[in-house]
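In: structure, please.
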Amino acid sequence: SNGLSIHRAVSSSNPSNEKPNVVFILVESLSAKFLGSYGNTENLTPNLDKLAAKACRFTNMFATGTRTVRGMEAVTLCISPTPGQSIVKRPKNAGLYTVSNVFKSKGYSCNFFYGGDGYFDNMDAYFGSNGFNIFDRGRGSILSDDIKTTRTLISDSQVTFENAWGICDEDIYNVMLEQADKQYASGKPFFNFVMTTSNHRPYTYPEGKIDIPSGSGRNGAVKYTDYALGKLFEAAQKKPWFKNTVFVIVADHCASSAGKDEIDIVNYKIPAFIIGVEKLGQMEISKQCSQIDVMPTLFGALDWNYESNFFGEDVLNPFYHERALVATYRKLGFIKKDAVVILSEQKSVNHYKWDNDKNTLTKAAKNPRLEREAI
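Out: As a prediction, this is how the structure comes out:
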C-alpha cells in the first residue's frame, strides 16, 4: 500500500484467551467537573465516586466532540473526528470496522441498548449494520432486509418512566440486565453497549429517587444518573455473570460545549472508568488521551491479540505518545500537552497555548512541525 494504512495486528506479549463479558455505558452529557472523584464538592455522584475508588480511572481524557453521535463514533470506530456529520449519521456507513469486529472474532454477542427510538440520529441503522443487535423504544422496523441483525422493541411493561428522549436510566439498565441473564444462560460472552438518556434536558426522572425534584435542572439529572448507576451495580452484583464481567463507563460529551474560544478545550474533559480488569485494578491514568483510546486500552489490558483498523491506541503501551483530538462541526483540534492546533475551512490554521489551571487558550507562534502533525 502507500504506507499510510493504520491497519495492524496488535499482539500481546502474554496473549490471553480470557473472555469476560463487557458492559459498556455511554453516559449522556457527563462532564468530568460533575464528579467528586474529579474535584466536584457538591456530592452529586456518590455512587460513581465509590466506584472510582476501585476502578481504573482516566483523569486526562477528552471527548472528540459535542454530540452523542460523535461520542458513539469515537468509542466504536476508535478513529479521529472529521469535519461535518459524525459517521453515525452519514449514508453508506454499513460494514465498517468497529469494536464489534474484535468482539465477534472472540465469539461475543454484541448488543446496543437505547431508551429512545434509535431512528433518531440514525443510531439503529449504524449499530444494526455494524454487528449489533438492537434493543430500543422504536415504533417499528427501519432496518433493511440485508442487515443481518435483530431489533427488539422495549415494551410498555418494561417502562416505569419516560420523557421525550426515552425511558429513564433505571429502565434501560433493567432491560440490559434481563438480556444479560439470557446471554449468560446461552453460554455466550456478551458485549452490551448502553446509551443513557436521563442526563438531558428537560432533566426529568422518576420522583422520590433522589433529594432534588425532577425537572429542576442539570444537578438533579446528574444525581439521578448516578443513582441509577448505583442501582445497576447493586443488581448486577447479585448475578452469576457479574464476577466475570468488565464495566466501562464513559461520557459521550460534556454538558456544555459552547464557550468563548474557537474550541473551548475545558468543555471536552470527560470521565472514564474501567472496572473489573484484574490487571488494571485501582489506578489513575493521567496521560493525555481521547475517547478513541478507551477500547484499545481495554483490549490491551485483556491481553488480546486482534486485528486493528483503529486510530486509537492502548494508552498503557510504553510506545503511546500523548495527544488528544477534538472537533466542532467545522473545526478540528489537535492537543499535545499545552499546545493546540486548530484546523478549519479554507486551509485556516491557528496555534494556541492551553493553560489547564486557568482554562484559557492564548494565541501562540506558528509551529510548522506541530502543524504537520496535526494535519
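In: in the stretch 201-350 of the chain, which spans are strands?
Out: Counting by DSSP state E, counting those that start in this stretch, one finds strands in the stretch 201-350 of the chain at the ranges 245-251, 269-275, 283-285, 289-290, 306-308, 324-327, 332-336, 339-344, 348-355.
In: closest to residue 80 out of those strands?
Out: Of all those, it is strand 324-327 that lies closest to residue 80, at 4.5 Å by CB to CB. The way it works is simple: take the backbone N, C-alpha and C, and place the C-beta from them, glycine included.
In: given that closest one, what are its sheet partners and their directions?
Out: Strand 324-327 has its sheet partners listed here by DSSP bridges as strand 332-336 (antiparallel).
In: can you give the distance from the strand it pairs with to the centre of its chain?
Out: Distance of strand 332-336 from the chain centroid (CA atoms, centre = their mean, to the nearest Å) equals 19 Å.
In: count the neighbours of the residue nearest to residue 47 when sequence neighbours are not counted for me.
Out: Of all residues not flanking residue 47 in the chain, residue 230 sits nearest, at 3.3 Å (CB to CB, 6 or more residues apart in numbering). By other CB atoms under 10 Å, 16 other residues sit near residue 230.
In: list the residues that contact residue 230.
Out: The contact partners of residue 230, by CB atoms under 8 Å, 6 or more residues apart in numbering, come to 46, 47, 50.
In: could you find the closest non-adjacent residue to the last one?
Out: Leaving aside its chain neighbours, residue 50 sits nearest to residue 230 (8.0 Å; criterion: CB to CB, 6+ apart).
In: the one you found and residue 297, how far apart?
Out: Going from residue 230 to residue 297 by CB to CB, to the nearest Å gives 25 Å.
In: quick check: residue 344 touching residue 330?
Out: Yes. Counting by CB atoms under 8 Å, residue 344 touches residue 330, with 6.1 Å between them.
In: the two: who's more crowded?
Out: A direct count of neighbours by other CB under 10 Å for residue 344 and residue 330 places residue 344 higher, at 16 against 10.
In: number of residues surrounding the residue nearest to that one when sequence neighbours are not counted?
Out: Excluding its sequence neighbours, the residue lying closest to residue 344 (CB to CB, 6+ apart) is residue 331, at 4.5 Å. Neighbours of residue 331 under the rule other CB under 10 Å: 17.
In: let me know the pLDDT of residue 331.
Out: Looking at residue 331, its pLDDT stands at 95.
In: how near is it to residue 263?
Out: Residue 331 sits 6 Å away from residue 263, going by CB to CB.
In: over to residue 31?
Out: As judged by CB to CB, residue 31 and residue 263 stand 16 Å apart.
In: got it, and residue 226?
Out: Taken as CB to CB, the span from residue 226 to residue 263 is 28 Å.
In: the two: which is more packed in?
Out: Remark: of residue 226 and residue 263, residue 226 carries more neighbours, 27 against 22, as counted by other CB under 10 Å.
In: burial check on the residue nearest to that one when sequence neighbours are not counted, number of neighbours?
Out: Distances taken as CB to CB, 6+ apart place residue 45 nearest to residue 226, at 4.2 Å, with adjacent residues excluded. Using other CB under 10 Å, residue 45 has 25 other residues around it.
In: hmm, residue 45 is touching residue 222, no?
Out: Yes. Using CB under 8 Å as the test, residue 45 is close enough to residue 222 to be in contact (6.7 Å).
In: mutual contacts of these two, please.
Out: residue 34.
In: between residue 331 and residue 263, what contacts are shared?
Out: Common neighbours of residue 331 and residue 263 (CB under 8 Å, 6+ apart) are residue 342.
In: could you measure from the residue nearest to residue 254 when sequence neighbours are not counted over to residue 302?
Out: Ranked by CB to CB, 6+ apart and with sequence neighbours excluded, the top spatial neighbour of residue 254 is residue 31, at 4.1 Å. Here the criterion is CB to CB. By it, residue 31 lies 28 Å from residue 302.
In: these two - which one has more neighbours?
Out: Legend: neighbour count by other CB under 10 Å for residue 31 and residue 302, higher for residue 31 (24 against 21).
In: quick one: low-confidence parts of the stretch 201-350 of the chain?
Out: By pLDDT under 70, the weakly predicted segments of the stretch 201-350 of the chain are 257-261.
In: repeat that for 90
Out: 256-262, 266 (pLDDT under 90).
In: which ones are touching residue 235?
Out: 173, 174, 177.
In: again, only this time at 7 Å
Out: Listed by CB atoms under 7 Å, 6 or more residues apart in numbering, the contact partners of residue 235 are residue 177.
In: count of neighbours near residue 310?
Out: Residues near residue 310, counting by other CB under 10 Å, number 25.
In: just the one 5 residues further on next, same as before
Out: Residue 315 is flanked by 22 other residues according to other CB under 10 Å.
In: I figured it hits residue 295, correct?
Out: No. Judged on CB atoms under 7 Å, residue 315 makes no contact with residue 295 at a distance of 11.2 Å.
In: now the helices for this protein?
Out: Along the chain, counting by DSSP state H, helices occupy 46-52, 68-77, 99-105, 123-128, 169-186, 218-236, 294-301, 368-374.
In: select, out of those, the one closest to residue 39.
Out: Of the helices of the chain, nearest to residue 39 by CB to CB is helix 46-52, at 10.9 Å.
In: quick one: buried residues of the closest one?
Out: 47, 48, 49, 51, 52 (16 or more other CB atoms under 10 Å).
In: again with stretch 96-114
Out: 96-103, 106, 108-114.
In: one more: stretch 115-123?
Out: For stretch 115-123, by 16+ other CB under 10 Å, it's 115, 116, 117, 118, 121, 122, 123.
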